[in-house]
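1. Using only what follows, build the 3D model:
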Amino acid sequence: MGETVSQSPLILVADDVPANVELLFDQLTTLGYRVATAMDGPSAIEACFQHRPDLCILDVSMPSGSLGCDDRATGFEVCRRIKRDPRTARIPVIFVTALNDTTDRVKAIEAGGDDFLTKPHNRQILSARVRSLLRLKFATDALEDSFRKLRELEKVRDDLMKMIVHDLKTPLTSVLASLEMVLDEEFGPVTDAQRRALGDAEARSEDLLGLIEDLLEVARIEETSISLDLRPIAPGAFVTEIAHEWAVRFQQEQARVFVHIAEDAPVFDGDHGLLKRVFSNLLQNAITHTAGNVEINLAARRESGGTGVLFTVSDNGPGIPPQFHEVIFRKFERVKNPELPRVRSSGLGLAFCKLAVEAHGGRIWVQSSEGQGSHFHIALPSHPPTASTPMA
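-> Next up, the predicted model:
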């Protein structure tokens, strides 16, 4: 085995026949394993919680004691209790019995058993199955440990991020107020060159403040319940309002925008402000990630086969490779556009969109391929399931 005795896997053998226990003890210790023993159901359960073995070998028929089951099914009851407790749930269980009945095998599977051996067992088969189950357990334990450490690191990162953005917001607000006062010439005249420089600094500061607000909003939605301010929304009026508010930006970017509202697009209940931010993020992405000749289509219609509404925001940009269609909705994830190397993105916009849409009981997804533009779809129910949705 190449391991010291203290490091070798521990195996629990539970059987009420001393000769059977002795046989398994000799075989397993010869193979290099440590062995703990039990003679009945209660002692087997106690040994499991006390020693946390790496594998259990249970006889099906043995005294049940205080377990309150038939002695002929004690092993099954022991297995059920082991698998039910999170502290011992991942311990593999091999049943050993003199019976060779299909019913027993079914009961073993239903109880959560991992393997089944019939007495008298073959030593080589026992060795192979023990090694196989131990390898599987150790791999699962390593994966669980890695996942736990990853979650801990993510929590540390998120806690640090929240601390930083909270500390940044107050001084940045003061910076913006000071820039506004200078631009209003409250400290004296400002030249055109100075105004342009200050205006650019103010715009960049507003971008940074927007990023901070996104960070705080995403954290708030993820960790608490988001309370939706629901009211009836007519898709046509809603899309027209968004297009009107973005009209100046569209003109600055020389973007062509087309609105398509189907007659059957139903009125729905939604949080007007939250959904406007969703569409603003999608429009911002469409403009930012498209190099010239921007064309955007805003559409709304009744969702196929349902009573809800389906919105679509399409652009003629570079498109998104299929392998990134799910990735882009995760925090801090983004797809770089080689044609726009200087574009900055926090990777939070689409994560926020996903959280906000799901808070409405809806879903958001993208259809896209490289060089073919992107079509973001938002399906929303007529009535969200609840006005306060916990976000996991």
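
2. pLDDT of whichever strand or helix holds I82, averaged?
-> Assigned by DSSP states H and E, I82 falls within helix 74-84. Throughout helix 74-84, pLDDT has a mean value of 91.

3. Over to stretch 252-262?
-> The average pLDDT within stretch 252-262 is 91.

4. any idea how far that stretch is from the chain center?
-> Here the centre of stretch 252-262 is set off from its chain's centre by 34 Å, with C-alpha atoms, centre = their mean, to the nearest Å.

5. what do you get for stretch 257-268?
-> 32 Å.

6. Report all helices and strands that the longest helix belonging to the chain contacts.
-> Using DSSP state H, we find that the single longest helix of the chain is helix 123-183. Packing partners of helix 123-183 (3 or more C-beta pairs under 8 Å, 6 or more residues apart in numbering; DSSP states H and E): helix 18-30, strand 55-59, strand 93-97, strand 115-118, helix 192-223. Where you see a C-beta, it was placed from the backbone N, CA and C, and this is true even at glycine.

7. then the shortest one to CSV, C-alphas only?
-> C-alpha atoms of strand 115-118 as CSV (Å, rounded to 0.1, in the frame of the first residue of the first chain):
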residue,chain,number,x,y,z
ASP,A,115,-21.8,-2.7,-3.1
PHE,A,116,-23.0,-6.2,-2.1
LEU,A,117,-21.0,-9.4,-1.4
THR,A,118,-22.3,-12.9,-0.8
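
8. Could I get the buried residue list for that strand?
-> The neighbour-count check on strand 115-118 (16 or more other C-beta atoms under 10 Å) flags 115-116, 118 as buried.

9. Columns pLDDT and distance to P18 on top of the residues you listed, output as CSV?
-> What follows is those, written out as CSV (pLDDT from 0 to 100; distance: C-beta to C-beta, whole Å):
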residue, pLDDT, distance to P18
D115, 86, 24
F116, 81, 23
T118, 78, 20
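
10. ok, the residues you listed vs I261, which is closest?
-> D115 (61.6 Å; C-beta to C-beta).

11. Not counting its neighbours along the chain, what's nearest that closest one?
-> Excluding its sequence neighbours, the residue lying closest to D115 (C-beta to C-beta, 6 or more residues apart in numbering) is I94, at 4.5 Å.

12. Surely the one you found touches D114?
-> Yes. Between I94 and D114 there is a contact under C-beta atoms under 8 Å: 6.6 Å.

13. Highest mean neighbour count out of the helices and strands packed on helix 123-183?
-> Most buried of the helices and strands packed on helix 123-183, by mean neighbour count (mean count of other C-beta atoms under 10 Å): strand 55-59, with a mean of 26.

14. In its sheet, which strands sit next to that strand, and in what direction?
-> In the sheet, strand 55-59 lines up against strand 10-14 (parallel), strand 93-97 (parallel) (DSSP bridges).

15. Quick check: which ranges of the stretch 201-350 of the chain have low pLDDT?
-> Counting by pLDDT under 70, the stretch 201-350 of the chain has low-confidence residues at 214, 217-226, 331-348.

16. Report the backbone C-alpha coordinates of stretch 302-318 in CSV.
-> In CSV, the C-alpha atoms belonging to stretch 302-318 read as follows (Å, rounded to 0.1, in the frame of the first residue of the first chain):
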residue,chain,number,x,y,z
ARG,A,302,-46.4,37.6,-26.2
GLU,A,303,-44.3,34.7,-25.0
SER,A,304,-45.0,31.6,-27.2
GLY,A,305,-47.3,29.2,-25.4
GLY,A,306,-47.7,31.5,-22.4
THR,A,307,-49.3,34.6,-21.0
GLY,A,308,-46.1,36.5,-20.3
VAL,A,309,-44.1,38.9,-22.5
LEU,A,310,-40.9,38.3,-24.4
PHE,A,311,-38.5,41.2,-25.0
THR,A,312,-35.6,41.0,-27.4
VAL,A,313,-32.7,43.4,-27.6
SER,A,314,-30.6,42.7,-30.8
ASP,A,315,-27.5,44.3,-32.2
ASN,A,316,-25.2,43.8,-35.2
GLY,A,317,-22.1,43.6,-33.1
PRO,A,318,-19.3,41.0,-33.3
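
17. Can you point out the buried residues in that stretch?
-> Result for stretch 302-318 [16+ other C-beta under 10 Å]: buried residues 302-303, 308-318.

18. now stretch 278-290
-> For stretch 278-290, by 16+ other C-beta under 10 Å, it's 278-283, 285-290.

19. Any idea how far that stretch is from the middle of the chain?
-> Worked out by C-alpha atoms, centre = their mean, stretch 278-290 lies 24 Å from the chain centre.

20. okay, now R231: neighbour count?
-> Neighbourhood size, R231 [other C-beta atoms under 10 Å]: 9.

21. That one and V267 touch, don't they?
-> No. Using C-beta under 8 Å, R231 is not in contact with V267, being 10.3 Å away.

22. between these two, what contacts are shared?
-> Residues touching both R231 and V267 (C-beta atoms under 8 Å, 6 or more residues apart in numbering): there are none.

23. and the angle for the longest helix of the chain with strand 93-97?
-> Angle, helix 123-183 to strand 93-97, by axes from the mean of the first three to the mean of the last three C-alpha atoms, to 10 degrees: 160 degrees.

24. So which elements touch the helix holding I82?
-> helix 41-51, strand 55-59, strand 93-97, helix 102-111.

25. Show me the contact partners of stretch 91-103.
-> 15, 20, 24, 48, 52-61, 75-76, 79, 82-83, 104, 108, 112-119, 121, 129-130, 133-134, 136-137.

26. before we move on, back to that, by how many degrees do the longest helix of the chain and helix 18-30 diverge?
-> If you take the same axes, to 10 degrees, helix 123-183 sits at 60 degrees to helix 18-30.
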